[in-house]
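Asker: predicted coordinates and the sequence they were generated for:
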Amino acid sequence: MSVDWSWERAFDSIPFLLEGFKITLLATVLGFILAATLGLVIAVLRHAGPKFVTIPLRMASEFIRLTPLVVQLLFAYYLLPQFSALQIGIAVLGIHYSTYMAEVYRAGIDAVPPGQWEAARALSLPTTRTWRGVVLPQAIRNTVPALGNYAISMFKDTPFLFAITVVEMVTAAQQYGARTFQYLEPITMAGVIFLLASYPTSILIRRLEKNLAY
């Protein structure tokens, strides 16, 4: 295997990488939507639910956070053969990251001033109205930057989907390398694409964080 860099091979690999990038992007977007939604449900249930709900939910969340993502992917892949590898990958990514996002939401909920809760009770607002109209808008506003950082982390974790045969961008780069016996260029270009996609998002998150601070 040669280590000599070739721009021709680098540019030739891009169409293959972009096909993988579509899968990477799809898994990230759908996984993030699932994680953000499920994480919010978990956070609310852990804050306001009865003990017979909050205790098992906390234990399940800890178990998911403390076990490797690859192990979870392989377990779900062999347990649920009726689903496609991509469907399983999206679901596992979403569930895995929902446990982290739940902690972010919970911190946002705890940061809501007690006076807001007291004012809602003084106005005799129903519980659902208190959460929907008073608590959650403030909590979510405070958690947006952290959620954005988790979106970037999820994007960078999509190469783990190779473990269940999903051909995302890094796997596409490896397949191109296997065909040409030249791995340097496709792997490098895959890293460049990751950087080009992640860096503008990180800048946007920092700006958003500054705007929300005022």
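Answerer: Yep, it's here. Every value quoted in this text rests on a predicted model; they were computed, and no experiment measured them. Numbering: from 1, shown residues only.

Asker: what helices and strands are in contact with the longest helix seen in the chain?
Answerer: Using DSSP state H to define each element, the chain has its longest helix at helix 7-48. Judged by 3 or more CB pairs under 8 Å, 6 or more residues apart in numbering; DSSP states H and E, helix 7-48 is in contact with helix 51-65, helix 85-110, helix 136-157, helix 169-180, helix 184-212. The C-beta positions use only the backbone N, C-alpha and C, and glycine is treated the same way.

Asker: most tightly packed of the ones you listed?
Answerer: Of all those, helix 85-110 carries the top mean neighbour count, a mean of 21, counting by mean count of other CB atoms under 10 Å.

Asker: okay, the angle between the helix or strand just after that one and helix 136-157?
Answerer: Per DSSP states H and E, the first helix or strand lying C-terminal to helix 85-110 is helix 114-122. Interaxial angle, helix 114-122 versus helix 136-157 (axes from the mean of the first three to the mean of the last three CA atoms, to 10 degrees): 130 degrees.

Asker: and the pLDDT at the residue of the chain most remote from its centre?
Answerer: The C-alpha centroid of the chain is most remote from A122, which lies 38.3 Å away (CA atoms, centre = their mean). Per-residue pLDDT puts A122 at 84.

Asker: local confidence estimate at the residue nearest the centre of the chain?
Answerer: Nearest residue to the geometric centre of the chain (CA atoms, centre = their mean): M154, 3.8 Å. M154 carries a pLDDT value of 96.

Asker: cool, and the one 10 residues further on?
Answerer: What the model reports as pLDDT for I164 is 97.

Asker: test my guess that it contacts L79.
Answerer: No: using CB atoms under 8 Å, I164 is not in contact with L79; the gap is 11.4 Å.

Asker: neighbour count winner among the two?
Answerer: I164 (18 against 10; other CB atoms under 10 Å).

Asker: please name the nearest non-neighbouring residue to that one.
Answerer: Of all residues not flanking I164 in the chain, Y77 sits nearest, at 4.1 Å (CB to CB, 6 or more residues apart in numbering).

Asker: number of residues surrounding the one you found?
Answerer: 20.

Asker: show me the contacts for it.
Answerer: Contact analysis of Y77 by CB atoms under 8 Å, 6 or more residues apart in numbering lists A85, I88, A163, I164.

Asker: roughly how far apart are the residue farthest from the centre of the chain and L136?
Answerer: Going from A122 to L136 by CB to CB, to the nearest Å gives 19 Å.

Asker: quick check: which ranges of the protein have low pLDDT?
Answerer: 1-3, 212-214 (pLDDT under 70).

Asker: L93 touches T158, doesn't it?
Answerer: Yes: between L93 and T158 there is a contact under CB under 8 Å: 7.4 Å.

Asker: now do the shared contacts for these two.
Answerer: Residues touching both L93 and T158 by CB under 8 Å, 6+ apart: A27, T28.
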